[in-house]
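**Q** Sequence plus the predicted model coming up.
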Amino acid sequence: MNLKRYFSIYAALWKNSVTRETMFKGNFLLWILVEFLWFGLQLTFIGVLYLHTDNIGSWTKWQVVMLVGASHFIQQIFQAFFLVNCTNLSELVRTGKLDFLVLLPINTRFVVSFRQVDLGAFVNATSGAAVIAYAAHQLHYVPTVAHILGFLGLCLAGIVIHYSLMFLLATISFWTVRAQGIVWGYYNLFNIARLPDEAFQGPFRAIFTFAIPMLLVSNVPARVLTNKLEHFSSVLLLLGMAAACFVVSELGWRASLRRYTSASS
Amino acid sequence: MKKYRHVLNIGIQNSLTYRFNFLARSLFGLIPLLAMVYVWRTIYQGNSETKGSTMVGAYTYAEMVSYYLLTTIVDALTAVNEDDWQIAADVKDGNISQFLLKPIDYLWYRFCLFLSGRVTYMAVAVFPVAIFIACLHNYFVLPHDVVAFALFLFSVMLTAMLQFFMSYTMAMLAFWVLEVSTFIFILFAFEYLASGHLFPLDILPAWLERILYFTPFPYQLYFPISIYMGKTSGNELARGLVIQFAWVCAMYLLARFAWKRGIKKYEAVGG
């Protein structure tokens, strides 16, 4: 693997994405508005919940706002790099356009995963960051540089989990044509990631921690940022799950690609 | 009428091919619902420990859980699935040209397809939803009384029509703009909050709830459920049904109007 070569390829893909976005400027701005509204919706929901209670488990209002902000931030960065590419995979398989990508003299997973960049999502990620900052201000809390770096590092692990799981689901399209529904189904699960982990118990909590680690993805980074971490083990768990998810998705991808038979031609 | 019955028939057969998609959708939809139930349980537990109160607004825990279960049911019965995208695509791709020549009305044609989609969805989703409700049956409150239940069903019917006509009107935007999905999502965001998807509207501050009642949104979900639970009754109920019916008529007229204006501008791209 020649890293420099991959960087220059990725730069070219970026340039393509920028060109594509500038073709539909109005649409670009409207999508940002849509995401902004949905984010506001989540915050409103939290606001309404806290009209009727003072805390959920040990989470206070502004801590949960911070959690929602962190979750939005992670989701948007994931979206910026990977979402379109994951949902497009089933289309590539169905139409047989994957042929052209398989033939390219680079890693196929690389080009499938990074083909398009959603630039609007970066703008939306900043609104998540702004909400985090505002919540910290409300908590009269100034995180240290170490906290912030820890937070960003763990966000990265969260993004790896989202990407690996969604990519794995997308590879189902090698088996059945109707995988797009499943991929969007996963998108539903993002709703769980922004809820405080302490609300959940029993098998639900176990499943969404150890099998589909939604309750780790943004809860652990938010806990680190607000200095709310109970055991360091949850950090290790998040990192471990991220690595495990990535390995499983790579195995799934390899097994699926072997089944690829192209379309029509 | 006969031709529309055929459309209904074909629609059901068509959407049956998507049964696995429907099943996946209803199953995935239950997970956030369960998450919501957990969050409320924690809130109720916390409140009874610290404040000794067992109510949130006018809701007991069982009523709150029932509320979310009912949103799932009403949603399955009335929510527009992909109809709006398909209508917009029909307009954009010029597929509606054929309907201008045929003795069939496009709006009612689409309405039949919408109904058949709902029927199929219900048939598929009834299993996971029934199992889910059975698991939570301790928290599922029965309708307030028989009359309330009958009126609930009537109101759900109006809700379905309201949902469809609103989506149809939104899809008509495709006559004027290339990409309607953003507009649909913007409306959907407001709908999601103001129709009571996220929480029952009467736990909002009273002034905010009153403002929402000036929009059609509460009649898209919250209103029928409030009838079921006996939260709306008597005069208030009668007035609510009249207003709901008025919204249905208004949206129907708007849908017709948008179509008429759109057709004037229509160029039958590629058609």
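**A** Arrived safely, thanks for sending.

**Q** residues in chain B within reach of chain A, list them.
**A** Residues of chain B lying near chain A by C-beta under 8 Å from any C-beta of the partner chain: B:18, B:20-21, B:24-25, B:27-29, B:31-32, B:34-35, B:38-39, B:41-43, B:46-47, B:50, B:56-57, B:178-179, B:182-183, B:185-186, B:189-190, B:192-193, B:198-199, B:203-205. Where you see a C-beta, it was placed from the backbone N, CA and C, and this is true even at glycine.

**Q** change it to 6 Å
**A** Residues of chain B lying close to chain A (C-beta under 6 Å from any C-beta of the partner chain) are B:21, B:24, B:28, B:32, B:35, B:38-39, B:42-43, B:46-47, B:56, B:179, B:182, B:185-186, B:189, B:193, B:198-199.

**Q** For the residue of the stretch 1-150 of chain B found nearest chain A, grab phi and psi.
**A** Minimum separation of the stretch 1-150 of chain B from chain A (C-beta to the nearest C-beta) falls at residue B:28, amounting to 3.6 Å. Backbone dihedrals for residue B:28, given as degrees, to the nearest 10, come out at phi -60, psi -30.

**Q** likewise residue B:56?
**A** phi -120, psi 120.

**Q** how much space between it and residue B:75?
**A** 22 Å (C-beta to C-beta, to the nearest Å).

**Q** quick one: low-confidence ranges for the chain?
**A** Answering for chain A, as no chain was given. The model of chain A has pLDDT under 70 over residues A:1, A:177-184, A:263-265.

**Q** not what I meant, chain B
**A** Checking chain B against pLDDT under 70 turns up B:268-271.

**Q** Could you find the closest non-adjacent residue to the most centrally placed residue in it?
**A** What sits nearest the mean C-alpha location of chain B, by C-alpha atoms, centre = their mean, is residue B:79, with 3.4 Å. Take residue B:79 and drop its neighbours on the chain: the residue closest to it by C-beta to C-beta, 6 or more residues apart in numbering or on different chains is residue B:163, 6.5 Å away.

**Q** So for residue A:101, what's the nearest residue that isn't a sequence neighbour?
**A** residue A:111 (5.3 Å).

**Q** What is the burial count for that neighbour?
**A** 18 (other C-beta atoms under 10 Å in any protein chain shown).

**Q** The closest residue to residue B:78 other than its chain neighbours sits in which helix or strand?
**A** Leaving aside its chain neighbours, residue B:78 sits nearest to residue B:160 (4.0 Å; criterion: C-beta to C-beta, 6+ apart). Residue B:160 belongs to helix B:146-171 when assigned by DSSP states H and E.

**Q** Do the host helix or strand of residue A:39 and chain B come into contact?
**A** Under the criterion of DSSP H and E, residue A:39 resides in helix A:25-49. Yes. Residues of helix A:25-49 contacting chain B under C-beta under 6 Å from any C-beta: A:27, A:30, A:31, A:34, A:37, A:38, A:41, A:45, A:48.

**Q** Could you list the buried residues of that helix?
**A** A:27-28, A:30-32, A:34-35, A:37-39, A:42-43, A:45-46, A:48-49 (16 or more other C-beta atoms under 10 Å in any protein chain shown).

**Q** try stretch A:147-163
**A** Taking 16+ other C-beta under 10 Å as the criterion, stretch A:147-163 shows A:147, A:150, A:151, A:154, A:155, A:157, A:158, A:159, A:160, A:161, A:162, A:163 as buried.

**Q** which of those are close to chain B?
**A** Okay, of these, nothing touches chain B (C-beta under 6 Å from any C-beta).

**Q** Please produce CSV containing these, extended by secondary structure.
**A** Below are the buried residues of stretch A:147-163 laid out as CSV (DSSP: H, G, I helix; E, B strand; the rest coil):
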residue, secondary structure
A:147, helix
A:150, helix
A:151, helix
A:154, helix
A:155, helix
A:157, helix
A:158, helix
A:159, helix
A:160, helix
A:161, helix
A:162, helix
A:163, helix
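
**Q** Now render those residues as TSV, adding distance to residue B:257.
**A** Output for the buried residues of stretch A:147-163, formatted as TSV (distance: C-beta to C-beta, whole Å):
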residue	distance to residue B:257
A:147	57
A:150	57
A:151	52
A:154	53
A:155	48
A:157	53
A:158	48
A:159	46
A:160	51
A:161	49
A:162	44
A:163	46
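
**Q** Out of these, flag the one nearest to residue B:155.
**A** residue A:162 (39.5 Å; C-beta to C-beta).

**Q** ok, the closest residue to the closest one other than its chain neighbours - how many residues close by?
**A** Leaving aside its sequence neighbours, residue A:162 sits nearest to residue A:78 (C-beta to C-beta, 6+ apart; 4.5 Å). Residue A:78 sits with 24 neighbouring residues when counted by other C-beta under 10 Å.

**Q** Quick check: the gap between residue A:78 and chain B.
**A** Distance of residue A:78 to chain B, computed by C-beta to the nearest C-beta, to the nearest Å: 18 Å.

**Q** Double-check that that residue belongs to a helix.
**A** Yes. Assignment of residue A:78 by three-state DSSP places it within a helix.

**Q** thought it was touching residue A:161?
**A** No. Residue A:78 lies out of contact with residue A:161 (C-beta atoms under 6 Å); the separation is 9.1 Å.

**Q** Kindly report the residues of the stretch 1-150 of chain A close to chain B.
**A** A:27, A:30-31, A:34, A:37-38, A:41, A:45, A:48, A:52-53, A:56-57.

**Q** got CSV for those residues, with distance to residue A:168 too?
**A** Shown next, in CSV, are these (distance: C-beta to C-beta, whole Å):
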residue, distance to residue A:168
A:27, 30
A:30, 31
A:31, 26
A:34, 27
A:37, 30
A:38, 25
A:41, 29
A:45, 29
A:48, 35
A:52, 39
A:53, 37
A:56, 31
A:57, 31
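
**Q** Pick the one among these closest to residue B:62.
**A** residue A:52 (16.2 Å).

**Q** which ones are touching that closest one?
**A** Residue A:52 makes contact with residue B:56, according to C-beta atoms under 6 Å, 6 or more residues apart in numbering or on different chains.

**Q** SS state for it?
**A** Under three-state DSSP, residue A:52 comes out as coil.

**Q** can you give me the helices for the stretch 51-200 of chain A?
**A** Listed in chain order, the helices of the stretch 51-200 of chain A (DSSP state H, counting those that start in this stretch) span A:61-78, A:84-95, A:98-103, A:108-114, A:119-138, A:145-170, A:180-193.

**Q** same check, this time on the stretch 151-271 of chain B
**A** B:181-194, B:206-212, B:222-228, B:234-265.

**Q** next one: the third one to chain centre, how far?
**A** Spelled out, it's helix B:222-228. From the chain centre to the centre of helix B:222-228 is a distance of 12 Å (C-alpha atoms, centre = their mean, to the nearest Å).

**Q** Would you confirm that the residue nearest to residue B:79 contacts residue B:78?
**A** Yes. Using C-beta under 6 Å, residue B:163 is in contact with residue B:78, at 5.1 Å.
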